[in-house]
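> With the input below, show me the fold.
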Amino acid sequence: MSKPTIIDLAKAAGVSPTTISHAFSGRRPVDTETKERILKLAQEIGYHPSSMARGLRSGRTGTIAIASSMPFSVAAGPSRLGFLMEIAASAAMSALTRNIALCLIPPLAPQSNLDSLGFDGVILVEPSAKDPLIAHFEARHTPIVSIGRVAGRADIPSVDLRSGDTARMMLDHLRQMGSRHIALILGAAERTSQLETEAAYAAFCDGYGITPHLVRLDESGGEQVAQDATRDLLAAFPHLDGLLVPVDAFASGALAAAHAMGRKVPQDLRLVTRYDGLRAKLARPGLTAIDLGLTEVAGLAVELLLARLDGTPADVMAPWPRLVVRGSTDPGAGSG
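This is a model prediction of the structure:
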């Protein structure tokens with residue numbers, strides 16, 4: 001006995017094959033009652049949609065990808081559960097609830113053999129203005145959305161991470177806790193989060209008459225390069241009493257340098273970072289950080305990519321960031 005076809009199910013349900021397709025794919029709305037009837041009939045007659053046939057008709061694979069050019073030294077943390085991996089895990093859950101597979105692409109150069117991987121579109125995590133992954137995927141006409149706006153690329157739909165607002169929140173907190181001489185330690189890559197943080201820092205220093213101290217570091221150096229740079233910074237400017245270090249790997253290195261130099265945190269030096277990940281939570285004292293709402297951010301990115309695949313993309317905003325105060329700025333906050 002041959003397997004029932006989409007035509008058989010359409011006849012049984014009294015609808016068109018197109019409606020059957022939409023009921024299973026979710027790409028177009030189908031009346032709830034009609035959809036329930038279709039799914040019930042499909043189960044009764046033993047109809048199962050062919051994923052291969054759907055792919056041939058739509059030109060899609062049913063798989064999306066997530067990628068970042070951030071090196072593992074900053075994208076991953078203790079147990080490899082860092083910024084990128086938290087987003088990837090949340091995006092995978094969001095995709096799976098839509099019956100879509102998600103492929104995690106490790107930080108690879110464009111010349112790497114990505115062409116053997118088949119997917120419908122890609123989510124890029126905080127790409128830089130001249131990110132090689134953008135050029136790679138655009139050359140292959142792969143639809144792109146980004147987590148974090150791409151500087152100078154308004155044509156790439158994005159989930160705006162509110163980086164300027166986040167930077168001002170961290171700076172205001174340092175000042176409220178008593179810091180009057182605050183330095184900024186940034187990554188050198190031209191990511192929008194870093195560009196907006198630098199702009200917010202410049203405005204903050206100008207507004208309060210603070211002499212700015214800005215250090216840019218190669219992200220691939222990870223904690224060690226930040227530890228070395230912080231040691232030199234504090235030796236040259238011992239009056240510094242606050243550090244804004246958005247990259248959590250750099251913040252760990254900065255904290256290690258402060259300890260090695262005998263600077264008491266937070267009594268002598270307060271330190272805040274952007275990502276509330278394991279590095280912030282496991283540090284001693286715990287690092288005051290920002291809850292960026294990455295679970296929601298990842299879900300928004302998946303929805304944004306699916307909208308782009310359907311031809312209806314629109315930029316969206318991340319949830320409002322929340323400051324998580326710990327011992328690196330408040331001696332009474334502990335490390336939780």
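
> In the sheet, which residues pair with Val159? Tell me.
Assessed by DSSP bridges, Val159 has beta-bridge partners Ile147, Val316.

> I'd like the next helix or strand past the helix or strand bottoming out on mean pLDDT in the chain.
Lowest mean confidence among the helices and strands of the chain (mean pLDDT, DSSP states H and E): helix 51-58, at a mean of 46. Later in the chain than helix 51-58, the nearest helix or strand by DSSP states H and E is strand 63-67.

> contacts for the helix or strand just after that next one?
Once the chain leaves strand 63-67, the next helix or strand it forms, by DSSP H and E, is helix 72-75. Helix 72-75 is contacted from outside by 68, 80, 82-85, 106-107, 125, 187, 219-223, 247-250, using Cβ atoms under 8 Å, 6 or more residues apart in numbering. The C-beta positions use only the backbone N, C-alpha and C, and glycine is treated the same way.

> Among these, which ones are in helices?
Judged by DSSP state H, these include Phe83, Leu84, Met85, Gly222, Glu223, Asp248, Ala249, Phe250 as members of helices.

> Can you tell me how far the last one is from Ile38?
To Ile38, Phe250 is 54 Å away according to Cβ to Cβ, to the nearest Å.

> out of those two, which sits in the busier spot?
Here Phe250 and Ile38 are compared on neighbour count by other Cβ atoms under 10 Å; more neighbours surround Phe250, at 30 against 24.

> wait, doesn't that one sit right on Gly187?
Yes. If you go by Cβ atoms under 8 Å, Phe250 and Gly187 touch, sitting 7.3 Å apart.

> Local confidence estimate at Ile144?
Confidence at Ile144, expressed as pLDDT, is 95.

> Low-confidence regions, this structure specifically.
For the chain, the stretches flagged by pLDDT under 70 are 1-3, 25-27, 48-60, 77-81, 107-117, 334-336.

> tell me which of the ones in helices among the contacts of helix 72-75 is nearest to Ser179?
Phe250 (17.7 Å; Cβ to Cβ).

> The closest one - nearest residue in space that isn't next to it in sequence?
Excluding its sequence neighbours, the residue lying closest to Phe250 (Cβ to Cβ, 6 or more residues apart in numbering) is Ala226, at 3.7 Å.

> who are the neighbours in contact with the one you found?
Neighbour list for Ala226: Ile185, Leu217, Val245, Val247, Ala249, Phe250, Ala251, Ser252, Gly253, Ala254, Ala257 [criterion: Cβ under 8 Å, 6+ apart].

> burial measure for the fourth one, as a count.
Here the neighbour count serves as a burial measure; for Val247 (other Cβ under 10 Å) it reads 29.

> how about the strands in the stretch 101-250 of the chain?
Assigned by DSSP state E, counting those that start in this stretch, the stretch 101-250 of the chain shows strands spanning 101-105, 122-125, 144-147, 158-160, 182-187, 213-217, 242-244.

> any idea how this structure splits into domains?
Domain ranges of the chain: 6-49, 63-161+293-320, 163-292, per the TED database.

> residue ranges of the helices in the stretch 201-336 of the chain, please?
All helices of the stretch 201-336 of the chain, identified by DSSP state H, counting those that start in this stretch, fall at 222-236, 248-260, 278-282, 294-309.

> Include distance to Ala151 when you put these into a markdown table, please.
A markdown table is the format used below for these (distance: least, Cβ to Cβ, whole Å):
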| stretch | distance to Ala151 |
| --- | --- |
| helix 222-236 | 23 |
| helix 248-260 | 20 |
| helix 278-282 | 26 |
| helix 294-309 | 18 |
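
> Compare those helices and give me the one nearest Val15.
In terms of Cβ to Cβ, the element of these nearest to Val15 is helix 294-309, at 23.9 Å.

> I'd like to check the angle between the closest one and strand 101-105, please.
110 degrees (axes from the mean of the first three to the mean of the last three Cα atoms, to 10 degrees).

> what's the closest of the helices of the stretch 201-336 of the chain to Val316?
Per Cβ to Cβ, nearest to Val316 of the helices of the stretch 201-336 of the chain: helix 294-309, 5.2 Å.

> Alright, I will stop here.
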